[in-house]
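# Give me a model of this one.
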Amino acid sequence: MQFSYGEQMPLRLLDEATFWKHQESEHTVVIREITPNLERKFVEELKQWESALVKTHSLAVQLTETVVRSGNTVPPVIAEEVLRLMSFSLEQSGRFVKFLFGILDMSPSVKRNSIAQTVVKHIIRESEYFIGIAQAICGNG
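Have a look, this model is predicted:
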């Protein structure tokens, strides 16, 4: 993978954020679907996560449109906005991963469901991948 994108860096970052925030929001639904007897507390928290992740995804889409409209040179104020959104996205994904580890640890329904355990662990790895690739693109990895 190429890590030097020059003027295209903001779009590269936003592409990653857009894709992964959509994935993470879908993952909240997958967990609820594969664990029909999931405790109400976790169901509600997953719905809150879904809403938050959809909002971040929407912000990334809007910012992508702004960057595209800016043409060949992204104004510094927009570039800073991209970096702020990426920082927030990474932090959000880190909190999401921590929440998912909590589900693995504290949900009796997930503990009794080997498929749910496998899927949640896979989802954790995917969010960790996003964190790692975004940090690498940003030069922080």
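# Tell me the helices and strands packed up against the helix or strand Thr18 falls within.
According to DSSP states H and E, Thr18 maps onto helix 9-34. Helices and strands touching helix 9-34, by 3 or more C-beta pairs under 8 Å, 6 or more residues apart in numbering; DSSP states H and E, are helix 40-69, helix 76-106, helix 114-138. Every C-beta, even on glycine, is put in place using the N, C-alpha and C of the backbone.
# pLDDT averaged over it - what is it?
Average pLDDT, helix 9-34: 94.
# Find out how far that helix is from the centre of the chain, if you would.
Relative to its parent chain, helix 9-34 has a centroid offset of 5 Å by C-alpha atoms, centre = their mean, to the nearest Å.
# could you check the angle helix 40-69 makes with it?
Relative orientation of helix 9-34 versus helix 40-69 (axes from the mean of the first three to the mean of the last three C-alpha atoms, to 10 degrees): 160 degrees.
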